[in-house]
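K.L.:
Just the structure for this:
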Amino acid sequence: TVRRKVAFLALKELNKKLSLFGALVDDAAQRNADSSKTARRKRNPLARQVQPLDRMDPSSYLRPGSMLLSHPYMFDSFFGRTVICIFDHINTYGDDDDSEEKRSKTTTKSGGDRTLANTYGLIINRFSYHEEDEHPFVLKEAVQGLPDFLKKTLGGVPMRDGGPVHVAVQLIHRVSSKQEQEGWSIGGTLLSDIIPSGEKEEESIIKAVGESDEPVPSALLPDSSIYYQGNINKAAEAIGEGELKLDDIALFAGASTWSPGQLESEVQSGFWLPCQAPVDLVISALTAPQDSDGDDGSNAHQEDLWVSLMSEYGPEEAKLARLFDTSKKFNWKDGNGLPSDSCN
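P.N.:
Have a look, this model is predicted:
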């Protein structure tokens, strides 16, 4: 009888602990779900349209408008936590019109030599910073002898770091659909979104956000186009006349280039994750350098673009992105000095 009573009490206590454990698990799951929803709201809404491209098929990503996400294991390299947009690629595989003579005479749209590079892109989520005070360079500092009217209009625009290859200043600008209908232009080459084969643009947007219970932001609806290069003098005039806003342009110093076959090799080796994402991210990824985590609706409280795209790329990539997230939004240690994956 005593043994039965002891056994009964032991089972009763075990049942209490199991019930408590179950409640804790359910609570943790709910908190994780709420945290995921909060984190998703903090991401750049355009990041929700990211879709992986076939790494084994170079033709899927070797084209203007495709994006490259650096693998998390590249965190300690120059390209750590970077997002690159491809702007130009010269086909060197079986194109009769792409002769060696043609390639030897090819130059970048920014005027730089392209003799040794057949793929050309820009890092879109990094400013070019002063080493001493970690403030971004502005145009009037990057270009000596800037004309007064350019200095007045564009001189204070932060420069973005497009990559380690030195080239002339590159202008990216946004043109509204209304301006295009009216024939307004400052020149440049259209950079189009990559649409999966057989899908319409609207279908691609719905597919990307269809599993979310959140409303589709108006920013996801195509209402503007992105152009590479153009006349910077006309851009300054347009800003002065109110036809363009400073948020509609981005200036890049430096570029990222690959010699024939180099990028394909790096992608197949796992250094880069190719994907499609809205090309408007080239401008909207960085609107201004931010130092706070406020809730004013600006990019200040949004996740880093690389983390956002990695989190939408796939579940395993999301875990790795969190593991290697060295931003100030990530707690490397808990109160006991131990590694922690909790976010503020």
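K.L.:
Quick check: the gap between the nearest residue to residue 80 once chain neighbours are set aside and residue 133.
P.N.:
Distances taken as C-beta to C-beta, 6 or more residues apart in numbering place residue 74 nearest to residue 80, at 5.2 Å, with adjacent residues excluded. (Glycine included, C-beta is placed from N, CA and C.) Distance, residue 74 to residue 133, using C-beta to C-beta, to the nearest Å: 27 Å.
K.L.:
cool, residue 271 as well?
P.N.:
32 Å.
K.L.:
Of those two, which one has the most company?
P.N.:
The neighbour comparison of residue 271 against residue 133 (other C-beta atoms under 10 Å) goes to residue 271, with 16 against 6.
K.L.:
Just to check, the more buried one is in contact with residue 75?
P.N.:
No - with contacts counted by C-beta atoms under 8 Å, residue 271 stays clear of residue 75, the gap being 11.9 Å.
K.L.:
State whether residue 237 is indeed within a helix.
P.N.:
Yes - membership of residue 237 in a helix is supported by DSSP: H, G, I helix; E, B strand; the rest coil.
K.L.:
That one - how many residues pack around it?
P.N.:
Count around residue 237 with other C-beta under 10 Å applied: 16.
K.L.:
cool, and the one 5 residues further on?
P.N.:
Counted with other C-beta under 10 Å, the neighbours of residue 242 add up to 7.
K.L.:
Check residue 150 too.
P.N.:
The burial count for residue 150: 18, using other C-beta under 10 Å.
K.L.:
isn't it right up against residue 233?
P.N.:
Yes - between residue 150 and residue 233 a contact is recorded at 7.1 Å, counting by C-beta under 8 Å.
K.L.:
Which of the helices and strands in this protein ranks last by mean pLDDT?
P.N.:
helix 100-104 (a mean of 41; mean pLDDT, DSSP states H and E).
K.L.:
and the helix or strand just after that helix, C-alpha only, in CSV?
P.N.:
Where DSSP states H and E defines the elements, the next helix or strand beyond helix 100-104 is strand 119-123. Provided in CSV are the C-alpha atoms of strand 119-123 (Å, rounded to 0.1, in the frame of the first residue of the first chain):
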residue,chain,number,x,y,z
THR,A,119,29.9,40.4,-65.4
TYR,A,120,29.3,43.8,-63.8
GLY,A,121,27.3,44.5,-60.6
LEU,A,122,27.0,46.8,-57.6
ILE,A,123,26.7,46.2,-53.9
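K.L.:
what's the helix or strand just after strand 119-123 in contact with?
P.N.:
As assigned by DSSP H and E, the chain's next helix or strand after strand 119-123 is helix 139-142. Defining contact as C-beta atoms under 8 Å, 6 or more residues apart in numbering, one finds that helix 139-142 is touched by 128, 146, 150-151, 154-157, 159, 169, 251, 253.
K.L.:
of those residues, closest to residue 311?
P.N.:
When those are compared for distance to residue 311 (C-beta to C-beta), residue 128 wins out at 26.1 Å.
K.L.:
Ramachandran angles for that closest one?
P.N.:
The phi/psi pair for residue 128 (degrees, to the nearest 10) reads phi -90, psi 110.
K.L.:
check contacts around it.
P.N.:
Residues near residue 128 by C-beta under 8 Å, 6+ apart: 136-137, 142, 158-161, 253-254.
K.L.:
likewise residue 152?
P.N.:
No contacts exist for residue 152 under C-beta under 8 Å, 6+ apart.
K.L.:
Check the gap between residue 70 and residue 45 for me.
P.N.:
Residue 70 sits at a distance of 22 Å from residue 45 (criterion: C-beta to C-beta).
K.L.:
more neighbours, these two?
P.N.:
Between residue 70 and residue 45, counted using other C-beta under 10 Å, residue 70 has the larger neighbour count: 22 against 19.
K.L.:
quick one: the more buried one and residue 306 touch, right?
P.N.:
Yes - using C-beta under 8 Å, residue 70 is in contact with residue 306, at 7.3 Å.
K.L.:
Having no further points to raise, I will conclude here.
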